[in-house]
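Asker: What shape does this take:
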Amino acid sequence: MLGLSFSGRAQVLTDPVAQQTILKTLDDIYNLEFANAEVQIRQLQTQFPQHPIGPILRATELELQYLPLHENKAATAQFIQSVEQGLSLAKKMLDKDADDPEAVFFALTAHSYLASLYNNKSESLKAVGESKKAYNYLREGMVLIGKNPDFYFTTGLYNYYIERYPMDHSIVKPFMLFFEDGDMALGLKQMDIAAKKGIFMRPAANYYLAHILLKHEMSPGRAVVYAKYLADKYPRNPLFGMINAEALLLAGRYAEARPYVQRLKQMPNKLVPMAVNTFTGMLAEYADKDDKEAAEAYELALRQPFNDPYTKEYHAFAYAGLARIAARANDRNRARMNYKKALAVGQYKALIREAKAYK
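Answerer: Numbering: from 1, shown residues only. Next comes the predicted model:
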């Protein structure tokens, strides 16, 4: 047992051997190969018992293993326990050295994981509480950005959203005085660095960049770069499979999208079937010019429930598809009705623009 009995900073992420084990573990987690990941997590916990890396990796594993985690009570309890264990170890490291980059990073990650979980569970007060705690570590991470490439992700995400969020939610503008200003263009550049050089956050940086480019920037062609990297590297991951199919379809690359949609059909995760029906509708509508088949697929998608954090937008896509089909059939009332329904659930800028433009 090596442990971490030596004095000074306990930097696991910069240790070349440990770093390779961590990257391999994360690759296994994100490709849903949990038996392999479990062996490596145990190895890291044995080797570094006083470091948060083991518990935080286990929390990451639980989130992917039981996706969507917030719908599984037992797994959620295990997840919270792992995150709190990681947070406790990070705080012990901070007691010894308040500027320890890894301790700051894992404390930030722990609070962010909890904030995300509570947000997905619609427990707003708890989510806000965790976000406030995360913000303190996030600001420290901005100063330590040169010490850990993963801080490029957290800093970039902050720089982007602190400017973007008030644009989309004007009600919060008065409260933004309490936060440091951001810079959206810089935020995208910083996340791109994390997408290429990050250790712990590389998959997340690619995923968030793809999502931002699709939802806010109306740049599906740019999103494909990040989404396709994830779908090809982690072919068993349903979230990465869905965002890649979506990006290719929105970019008009239908022939490339088709095999990825086929691959999604084989995935057992419960988030997938509704997404597959929406994507099948988009292929029928755009690539095959078959409005009848497209309408059937869209209607099938709308008979299936969406999962708010992950697949809500695909209902909006389906309503917009039905609206376009109705408009081509000169049924203006039906088109308007479906666009109205799309606006009620949709958040993508391009979709909102399309729906509002229809008179």
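Asker: dump the residue contacts of Gly156.
Answerer: Shown in contact with Gly156 (C-beta atoms under 8 Å, 6 or more residues apart in numbering): 186-194, 205. Every C-beta, even on glycine, is put in place using the N, C-alpha and C of the backbone.
Asker: For those residues, work out which two are farthest apart.
Answerer: The distance between the two most remote of the contacts of Gly156 (C-beta to C-beta) is 14.6 Å, for Leu186 and Ala205.
Asker: If you count surrounding residues, which of those two has more?
Answerer: Ala205 (27 against 14; other C-beta atoms under 10 Å).
Asker: SS state for that one?
Answerer: The three-state label given to Ala205 by DSSP: H, G, I helix; E, B strand; the rest coil is helix.
Asker: got the contact list for it?
Answerer: Taking C-beta under 8 Å, 6+ apart, one finds 152-153, 156, 191-192, 194-195, 198 in contact with Ala205.
Asker: buried stuff in stretch 48-60?
Answerer: Neighbour-count burial for stretch 48-60, counted by 16 or more other C-beta atoms under 10 Å, picks out 48, 51-60.
Asker: With stretch 260-277 instead?
Answerer: 260-261, 263-264, 267, 269, 271-277.
Asker: which one of the residues you listed is nearest Gln304?
Answerer: Ranked by distance to Gln304 (C-beta to C-beta), the buried residues of stretch 260-277 are led by Met274 at 3.9 Å.
Asker: Excluding chain neighbours, give the residue nearest to that closest one in space.
Answerer: Gln304 (3.9 Å; C-beta to C-beta, 6 or more residues apart in numbering).
Asker: From Thr278, how far off is the one you found?
Answerer: 9 Å (C-beta to C-beta, to the nearest Å).
Asker: ok, the two, which is more surrounded?
Answerer: Comparing Gln304 with Thr278 by neighbour count (other C-beta under 10 Å), the higher total belongs to Thr278, at 31 against 17.
Asker: Around Asn237, count how many other residues there are.
Answerer: As a measure of burial, Asn237 has 23 neighbours, counting by other C-beta under 10 Å.
Asker: Next, the contact list for it, please.
Answerer: For Asn237, the contacting residues are 30-32, 64, 230-231, by C-beta under 8 Å, 6+ apart.
Asker: Need the pLDDT of Ile171.
Answerer: pLDDT, Ile171: 60.
Asker: in which helix or strand would I find Leu114?
Answerer: Per DSSP states H and E, Leu114 falls inside helix 101-120.
Asker: could you say what helices and strands that helix packs with?
Answerer: Judged by 3 or more C-beta pairs under 8 Å, 6 or more residues apart in numbering; DSSP states H and E, the packing partners of helix 101-120 are helix 53-65, helix 73-96, helix 124-143, helix 151-168, helix 308-328.
Asker: Which residues outside the shortest one are in contact with it?
Answerer: Residues external to helix 53-65 that are found in contact with it (C-beta under 8 Å, 6+ apart): 12-13, 18, 22, 25-26, 29-30, 32, 34, 37-38, 41-42, 44-45, 48, 69, 75, 78-79, 82-83, 85-86, 89, 106, 109-110, 113, 237.
Asker: Quick one: buried ones out of the residues you listed?
Answerer: 12-13, 18, 22, 25-26, 29-30, 32, 37-38, 41, 44, 48, 69, 75, 78-79, 82-83, 85-86, 89, 106, 109-110, 113, 237.
Asker: quick one, what contacts the closest residue in space to Tyr66 that isn't next to it in sequence?
Answerer: Closest residue to Tyr66 apart from its sequence neighbours, by C-beta to C-beta, 6+ apart: Ala75 at 3.8 Å. By C-beta under 8 Å, 6+ apart, the residues touching Ala75 are 62, 65-66, 69.
Asker: In terms of residue numbering, what are the domains of this structure?
Answerer: 1-148, 169-265, 270-359 (automatic domain parsing).
Asker: need those domains in TSV with distance to Ile162, can you?
Answerer: Output for these, formatted as TSV (distance: least, C-beta to C-beta, whole Å):
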stretch	distance to Ile162
domain 1-148	10
domain 169-265	4
domain 270-359	18
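Asker: quick revisit: so for the helix holding Leu114, mean pLDDT?
Answerer: Helix 101-120 comes out at a mean pLDDT of 95.
Asker: Relative to the whole chain's centre, how far out is that helix?
Answerer: Helix 101-120 sits 14 Å away from the centroid of its parent chain (C-alpha atoms, centre = their mean, to the nearest Å).
Asker: Quick one: list the elements packing against the helix or strand where Glu256 lies.
Answerer: Per DSSP H and E, Glu256 falls inside helix 254-265. Counting by 3+ C-beta pairs under 8 Å, 6+ apart, the packing neighbours recorded for helix 254-265 are helix 238-250, helix 272-282.
Asker: how close does Leu108 get to Lys233?
Answerer: From Leu108 to Lys233 the distance is 25 Å (C-beta to C-beta).
Asker: Those two: who's more crowded?
Answerer: Leu108 (24 against 15).
Asker: Correct me if wrong: the more buried one contacts Leu138.
Answerer: Yes - Leu108 is within contact range of Leu138, at 5.7 Å (criterion: C-beta atoms under 8 Å).
Asker: Can you pull the residues that touch both of those two?
Answerer: Thr154.
Asker: quick one: the helix or strand bottoming out on mean pLDDT in the chain to helix 124-143, angle?
Answerer: Every helix and strand in the chain was compared by mean pLDDT, DSSP states H and E; the lowest is helix 151-168, with a mean of 88. Angle of helix 151-168 versus helix 124-143, following axes from the mean of the first three to the mean of the last three C-alpha atoms, to 10 degrees, is 130 degrees.
Asker: Go through helix 151-168 and flag the buried ones.
Answerer: Neighbour count says helix 151-168 has 151-164, 166 buried, by 16+ other C-beta under 10 Å.
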